[in-house]
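# Structure for this input, please:
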Amino acid sequence: MSAARFRSMGCEIVVDGATAGELEQVRRLFAERDRMFSRFRADSELNRINAVRVAALSPEFARTLAVA
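Below is the predicted model:
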């Protein structure tokens, strides 16, 4: 089994040793987080929030912000 590579949030992601199903889960997780937190996407939640003074956050964004 060779390593799978894809791009997310401006980085190359390398996944090795995963089954096809696990790889798909990893890709979905990174795609979801990319839509939420990428500074490289004009349509990301991060960029939307940075563009305004007051914004409603998604629950996942709020949880991650609290941890950070």
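
# For the nearest residue to Gly10 once chain neighbours are set aside, give me the pLDDT.
Ranked by C-beta to C-beta, 6 or more residues apart in numbering and with sequence neighbours excluded, the top spatial neighbour of Gly10 is Phe40, at 4.8 Å. Quick note: C-beta positions are derived from backbone N, CA and C, even for glycine. We have a pLDDT of 88 for Phe40.

# the helices in this structure, which residues?
Counting by DSSP state H, the chain has these helices, from start to end: 20-37, 45-50, 59-67.

# Compile those into CSV and extend it with columns for mean neighbour count.
Below are those laid out as CSV (neighbours: other C-beta atoms under 10 Å):
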stretch, mean neighbour count
helix 20-37, 14
helix 45-50, 15
helix 59-67, 11
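
# will you turn the ones you listed into JSON lines that also has mean pLDDT?
Putting those into JSON lines (pLDDT from 0 to 100) gives the following:
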{"stretch": "helix 20-37", "mean pLDDT": "95"}
{"stretch": "helix 45-50", "mean pLDDT": "91"}
{"stretch": "helix 59-67", "mean pLDDT": "92"}
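
# pLDDT score assigned to Met1?
Note on Met1: pLDDT of 59.

# cool, Ala68 as well?
pLDDT recorded at Ala68 is 88.

# next one: Ala55
So Ala55 comes in at 86 (pLDDT).

# Contact partners for the closest residue to it other than its chain neighbours?
With sequence-adjacent residues excluded and distances taken as C-beta to C-beta, 6+ apart, Ala55 is closest to Ile49, at 4.6 Å. Counting by C-beta atoms under 8 Å, 6 or more residues apart in numbering, Ile49 makes contact with 55, 57, 61.

# give me every residue that touches the last one.
Phe61 makes contacts with 36-37, 45-46, 49, as judged by C-beta under 8 Å, 6+ apart.

# Closest to Arg27 out of those residues?
Met36 (15.0 Å; C-beta to C-beta).
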